[in-house]
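Need coordinates for the following:
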Amino acid sequence: MKRNDVHMIRLYEGMTQKSFATKYGLAESTVAKIEAGFVGISDVTRAKILRQFDMSEPEYIAFCERMKQAQENEVKNNEVDITK
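Here you go, the predicted structure:
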């Protein structure tokens, strides 16, 4: 599990950092620091999340793929042709 996984799970569940922290027994500041890349994910934090959330759920995997595609499309749409 990587920091982006925490962010994606939170987005998938439609939660704020505060509600995500409450659901998974974490401090809101811990969630914010993980998502910002200031701290890594401890084994305890990973276990708290994985006890309640199945990252192999097909709907979640499909959501992650759609988000990845949307981000790639956004980058493509924002590219500037410097040859002109």
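
Could you pull out the helices in this protein for me?
Along the chain, counting by DSSP state H, helices occupy 3-12, 17-24, 28-36, 43-50, 58-78.

so what does the second one touch, helix or strand wise?
For helix 17-24, the contact count by 3 or more Cβ pairs under 8 Å, 6 or more residues apart in numbering; DSSP states H and E identifies helix 3-12, helix 28-36, helix 43-50 as packing neighbours. The C-beta positions use only the backbone N, C-alpha and C, and glycine is treated the same way.

try 7 Å
Secondary-structure packing of helix 17-24 (3 or more Cβ pairs under 7 Å, 6 or more residues apart in numbering; DSSP states H and E): helix 28-36.

possible to save the helices of the chain as a markdown table with mean pLDDT and mean neighbour count?
As requested, the helices of the chain are exported to a markdown table (pLDDT from 0 to 100; neighbours: other Cβ atoms under 10 Å):
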| stretch | mean pLDDT | mean neighbour count |
| --- | --- | --- |
| helix 3-12 | 94 | 17 |
| helix 17-24 | 97 | 17 |
| helix 28-36 | 96 | 16 |
| helix 43-50 | 96 | 14 |
| helix 58-78 | 87 | 11 |
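
give the contact list for Met64.
Actually, residue 64 is Cys. It isn't Met. Met8 (Cβ atoms under 7 Å, 6 or more residues apart in numbering).

again, only using 10 Å
Asn4, Asp5, Met8, Ile9, Leu11, Tyr12, Met55 (Cβ atoms under 10 Å, 6 or more residues apart in numbering).

quick one: which two of these are the most distant?
Leu11 and Met55 (13.4 Å; Cβ to Cβ).

before we move on, the earlier item: could the contacts of Cys64 go into CSV alongside distance to Lys23?
Shown next, in CSV, are the contacts of Cys64 (distance: Cβ to Cβ, whole Å):
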residue, distance to Lys23
Asn4, 19
Asp5, 15
Met8, 15
Ile9, 10
Leu11, 14
Tyr12, 13
Met55, 15
